[in-house]
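Participant: I'll drop the sequence and a predicted model, then ask my questions.
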Amino acid sequence: MPTKRVPLARAQHARIGPEAVRLWRLIVEITETDAGERWEEDEPAGRRRELLDAEVELHALLGLHPWHYFPGNVPSGGPPEKWEDPERHALAQQLRRALEAAAAE
C-alpha cells in the first residue's frame, strides 16, 4: 500500500560550538607553521597525523559528508576554480567564514 507521506527537504545548518572552534584553531595553528607537511617520525618532527585527525573530526562535527569540501581547503572569498562544484565550494566558504568569526571571538 503506497504512502502519502512526502519527505521534507530541510536545510541543514552546521552548529559551530566550542569543540569545532577548538579544532579549527588547532588546524590553523598547525597549518600556519607548516608542521602539517611533515609526519611525526620525520626530522624535524611534524604534526601531520594530528592535523589529519583534527580535520576528520571537524568534518564530522560539522555534519559534512565525505563528498563535501573541507572548509580549510577553500579560501574565505572568491569564485571556485573551474573544476570545482560551485554549490559545494559556496558551502565550504560559508562554513570557513563562520569558523573564522567564531574563532576570533
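Facilitator: Okay, I see it.
Participant: list the contacts for residue 61?
Facilitator: Residue 61 makes contact with 19, 20, 23, according to C-beta atoms under 8 Å, 6 or more residues apart in numbering. In short, each C-beta sits where N, CA and C put it, glycine included.
Participant: my read: residue 73 touches residue 92, true?
Facilitator: Yes - assessed by C-beta atoms under 8 Å, residue 73 is found in contact with residue 92 at 7.1 Å.
Participant: what about the two, which has more around it?
Facilitator: The neighbour count for residue 73 versus residue 92, taken as other C-beta atoms under 10 Å, is higher for residue 92 (23 against 10).
Participant: in which helix or strand would I find that one?
Facilitator: helix 86-104 (DSSP states H and E).
Participant: where in the protein is pLDDT low?
Facilitator: Counting by pLDDT under 70, the chain contains low-confidence ranges at 1, 10-14.
Participant: can you give me the strands in it?
Facilitator: Counting by DSSP state E, the chain forms no strands at all.
Participant: same for the helix holding residue 92, what does it pack against?
Facilitator: Under the contact criterion of 3 or more C-beta pairs under 8 Å, 6 or more residues apart in numbering; DSSP states H and E, helix 86-104 touches helix 18-32.
Participant: what's the end-to-end length of stretch 38-56?
Facilitator: Taking C-alpha to C-alpha, to the nearest Å, stretch 38-56 runs 18 Å from one end to the other.
Participant: so what touches that stretch?
Facilitator: For stretch 38-56, contacts defined as C-beta under 8 Å, 6+ apart pick out 23, 26, 27, 30, 31, 35, 36, 37, 70, 72.
Participant: roughly how far does the fourth one sit from residue 58?
Facilitator: Separation of residue 30 from residue 58 (C-beta to C-beta, to the nearest Å) stands at 12 Å.
Participant: with the fifth one instead?
Facilitator: Computed with C-beta to C-beta, the distance linking residue 31 and residue 58 is 12 Å.
Participant: so for those two, which sits in the more crowded spot?
Facilitator: Using other C-beta under 10 Å as the criterion, residue 31 and residue 58 rank with residue 58 on top: 24 against 15.
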